[in-house]
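1. For reference, the sequence and a predicted model appear below.
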Amino acid sequence: MHTAFWILFFLVPFLLQPSFQKNTLGERPVHPEVRSFYFNLMKCFFWMALFYVNTFFFVPRFVYKRKYFSYILSLVLVLVLLSGLEVSFFIIVDDNAHFKISGFLMFNLFPFLFIVASGTAYRMFLDKIAEENKSKEKEAENLKSELSFLRSQISPHFMFNVINNIVALARKKSDLVEPSLIKLSSLMRYFLYESNAEKVPLEKEVEYLESYISLQQQRFGKNVVINLSTEGVTNNYEIEPMLLIPFVENAFKHGNLHKGPTDIKLRVKNGELHFSVVNPYSEKLNEIKDETSGIGLANVQRRLNLLYGKRHSLLIAKKDGQFLVSLELKLH
């Protein structure tokens, strides 16, 4: 962009008339076109120097520090230097040439002001972009820290529930303790090594969900009906880890599961995830809650807002003794 700008700028002076009149009585005549070429070439390099000196030296040192008098004085000195260079150049080329102040101002004042204004605006534009990038990086770091904190809250809550399931099976001296421990090992492996990633294949997240539901089903036995259906799940899509489990966790923790079936549906179509959990609910059963109640749903709502923004919709409702969670989001 700089190169294209200066090439275009270099061509402009050749369309203008020089600010000197040649003395026809001179003993050392110089061809006007040759003189004009070297003169305009010299002046363009001067404009380039002025642009970058003003952009990277004058503006940050004087304008940003509100030293406006020093800034104006510096520009006046530069203008005087330009005058001296023009006079010196034409004396060297043609010592009989005459300097005209009116011609100098006509052909130099406007380019001078244009270069100064352009350099100042360009420097402010660069600084604004740098400040915005810095602000975005800071915001991204803050979001990253917040997401890590939210995950750290979800994980202990989930692990406590799973361990309680294993303890319940051990007390019953069930043969399901060993396979349950194997599933728990798989869950912990996923939690330790996969949940720290920004995204995981959707298929892995669903496998994690299925293992958790299986462990819960073993705990409650045949007295509780859990219906899980999945459709269109492939590794072609990615999702943030530990994003769906809080909804299922909430159903097991606070739902009145003995009053009816719990339906969990997950469907992927045209890059959109449709996930719903419907479970029996009783207000009386949830009047007294422990200290960790609600952490899962509150966290997942915050995570969805941070990660997906307007690319998701979440509905949480209670109706006719049913607790409904419906999530729709655009997958990566």
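-> Arrived safely, thanks for sending.

2. CA atoms for contacts and neighbours, from now on please.
-> Noted.

3. Could you count how many residues lie near residue 67?
-> By other CA atoms under 10 Å, 13 other residues sit near residue 67.

4. which residues touch it?
-> Counting by CA atoms under 8 Å, 6 or more residues apart in numbering, residue 67 touches residue 61.

5. Distance-wise, check it relative to residue 252.
-> Residue 67 sits 68 Å away from residue 252, taking CA to CA, to the nearest Å as the criterion.

6. Would you map the helices across the stretch 101-250 of the chain?
-> Applying DSSP state H, counting those that start in this stretch to the stretch 101-250 of the chain gives helices spanning 101-171, 177-193, 202-220, 245-254.

7. Can you add distance to residue 80 and give those back as CSV?
-> Shown next, in CSV, are the helices of the stretch 101-250 of the chain (distance: least, CA to CA, whole Å):
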stretch, distance to residue 80
helix 101-171, 11
helix 177-193, 68
helix 202-220, 69
helix 245-254, 73
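
8. Just send those helices back as JSON lines, with mean pLDDT, mean neighbour count and distance to residue 5 too.
-> JSON lines is the format used below for the helices of the stretch 101-250 of the chain (pLDDT from 0 to 100; neighbours: other CA atoms under 10 Å; distance: least, CA to CA, whole Å):
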{"stretch": "helix 101-171", "mean pLDDT": "75", "mean neighbour count": "15", "distance to residue 5": "12"}
{"stretch": "helix 177-193", "mean pLDDT": "79", "mean neighbour count": "15", "distance to residue 5": "52"}
{"stretch": "helix 202-220", "mean pLDDT": "84", "mean neighbour count": "19", "distance to residue 5": "49"}
{"stretch": "helix 245-254", "mean pLDDT": "84", "mean neighbour count": "20", "distance to residue 5": "56"}
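
9. Would you mind measuring from residue 227 to residue 277?
-> Per CA to CA, residue 227 is found 10 Å from residue 277.

10. which residues are common contacts for those two?
-> 262, 263, 264.

11. does the second one sit in a helix or strand, and which one?
-> For residue 263, the host element (DSSP states H and E) is strand 262-269.

12. From the chain's centroid, how far away is that strand?
-> Remark: strand 262-269 is offset 31 Å from the chain centroid, using CA atoms, centre = their mean, to the nearest Å.

13. what comes up buried for it?
-> Neighbour-count burial for strand 262-269, counted by 16 or more other CA atoms under 10 Å, picks out 262, 263, 264, 265, 266, 268.

14. nearest to residue 165, of the residues you listed?
-> residue 262 (18.1 Å; CA to CA).

15. who's in contact with the closest one?
-> Applying CA under 8 Å, 6+ apart to residue 262 gives the contacts 225, 226, 227, 251, 277, 278, 279, 280.

16. For those, pick the one with the most neighbours.
-> Counting neighbours by other CA under 10 Å, residue 279 leads those with 26 neighbours.

17. Give the closest residue to that residue in space, chain neighbours not counted.
-> Leaving out its chain neighbours, the residue that sits closest to residue 279 by CA to CA, 6 or more residues apart in numbering is residue 262, at 4.4 Å.

18. still on that earlier bit, out of the contacts of residue 262, which sit inside strands?
-> Of these, the ones assigned to strands by DSSP state E are 226, 227, 277, 278, 279, 280.

19. In CSV: those, plus pLDDT and distance to residue 50.
-> Listed next are the ones in strands among the contacts of residue 262 as CSV, based on pLDDT from 0 to 100; distance: CA to CA, whole Å:
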residue, pLDDT, distance to residue 50
226, 89, 76
227, 92, 75
277, 94, 67
278, 93, 70
279, 91, 73
280, 89, 76
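
20. Find the pair from these with maximum spatial separation.
-> Pairwise distances across those (CA to CA) peak at 12.9 Å, for the pair 227 and 280.

21. any common contacting residues for those two?
-> Looking at what touches both residue 227 and residue 280 (by CA under 8 Å, 6+ apart), the common residues are 261, 262.

22. on that earlier part again, relative to residue 214, which of the contacts of residue 262 is nearest.
-> Set against residue 214, the nearest of the contacts of residue 262 by CA to CA is residue 226 (9.2 Å).

23. where's the closest one relative to residue 165, distance?
-> Counting by CA to CA - residue 226 and residue 165 are separated by 16 Å.

24. picking that back up, let me have the ones in strands among the contacts of residue 262 in a markdown table, adding distance to residue 3 as columns.
-> Compiled in a markdown table, those are given as follows (distance: CA to CA, whole Å):
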| residue | distance to residue 3 |
| --- | --- |
| 226 | 68 |
| 227 | 66 |
| 277 | 60 |
| 278 | 63 |
| 279 | 66 |
| 280 | 70 |
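
25. Looking at the residues you listed, spot the one nearest residue 73.
-> residue 277 (72.5 Å).

26. Can you tell me the closest non-neighbouring residue to the closest one?
-> Excluding its sequence neighbours, the residue lying closest to residue 277 (CA to CA, 6+ apart) is residue 264, at 4.6 Å.

27. Quickly list what the one you found is bridged to.
-> Per DSSP bridges, residues listed as beta-bridge partners of residue 264: residue 228, residue 277.

28. what sits against residue 229?
-> Residue 229 makes contacts with 264, 265, 266, as judged by CA under 8 Å, 6+ apart.

29. Let's see the pLDDT reported for the last one.
-> So that's residue 266. Per-residue pLDDT puts residue 266 at 95.
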